[in-house]
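K.L.:
Mind looking at a prediction? Sequence and model below.
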Amino acid sequence: MPRPQTLGIDFGTSNSAAGVTVADRPWLVELEPGETTLPTAIFFDSDTKQMRIGRSATRALVEGDEGRFMRALKSLLGTPLLYEKRRLGGVMMDFTDVIAHFLREVKTRAETATRLEFSHALSGRPVKFHSKDEARNARAEEDLRACYLKAGFADVRFLNEPEAALRAARPHP
């Protein structure tokens, strides 16, 4: 049975990226034309009721489009606010839905760019989401896991960001 395809994702506070292994080497996926990073930004357009992400979301804000702009969604993980419902794009949702939509879009763009189907994710994560509260740190990882599953991944593993950075910086044979 073939190994499931795994997409590496850095779901960042400001920017996100995705990568795969090709011939035992890391390869960053183009998530927008000519760009391997994607602003972790979401814009709910009041007129069209559509959700825009990345540079499109940022453009909507800068151009003064009517709607709601969101960034730093990662900071909500592990907090009760993550599960508060609100009307966004004409639909009642909580922030797990918003994060899952963003992750689903990253998955879809990576699948389109690579012509692969990703069922598993390897996600970078901070060593501590919340510096002083171990219970909130554990809850934040559970929340992020739930968002990945809601985004359509069958499984997700986490790698602490310092270790991920070390592996990326290490010379490859």
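P.N.:
Cool, got the structure. Numbering: from 1, shown residues only.

K.L.:
so where's the longest strand in this protein?
P.N.:
In the chain, with assignment by DSSP state E, the single longest strand is strand 15-22.

K.L.:
Against which helices or strands is the following helix or strand past it packed?
P.N.:
Downstream of strand 15-22, the first helix or strand assigned by DSSP states H and E is strand 25-28. Counting contacts by 3 or more Cβ pairs under 8 Å, 6 or more residues apart in numbering; DSSP states H and E, strand 25-28 is packed against strand 15-22. Where you see a C-beta, it was placed from the backbone N, CA and C, and this is true even at glycine.

K.L.:
Each with direction, which strands does the strand it packs on pair with?
P.N.:
strand 6-10 (antiparallel), strand 25-28 (antiparallel), strand 37-39 (antiparallel) (DSSP bridges).

K.L.:
Would you mind finding the most buried of those strands?
P.N.:
Compared across these, strand 6-10 shows the largest average neighbour count, a mean of 23 (mean count of other Cβ atoms under 10 Å).

K.L.:
residues in contact with that one?
P.N.:
By Cβ atoms under 8 Å, 6 or more residues apart in numbering, the residues outside strand 6-10 that reach it are 16-21, 26, 29, 103, 106-107, 110, 118, 120-124, 153, 161, 164.
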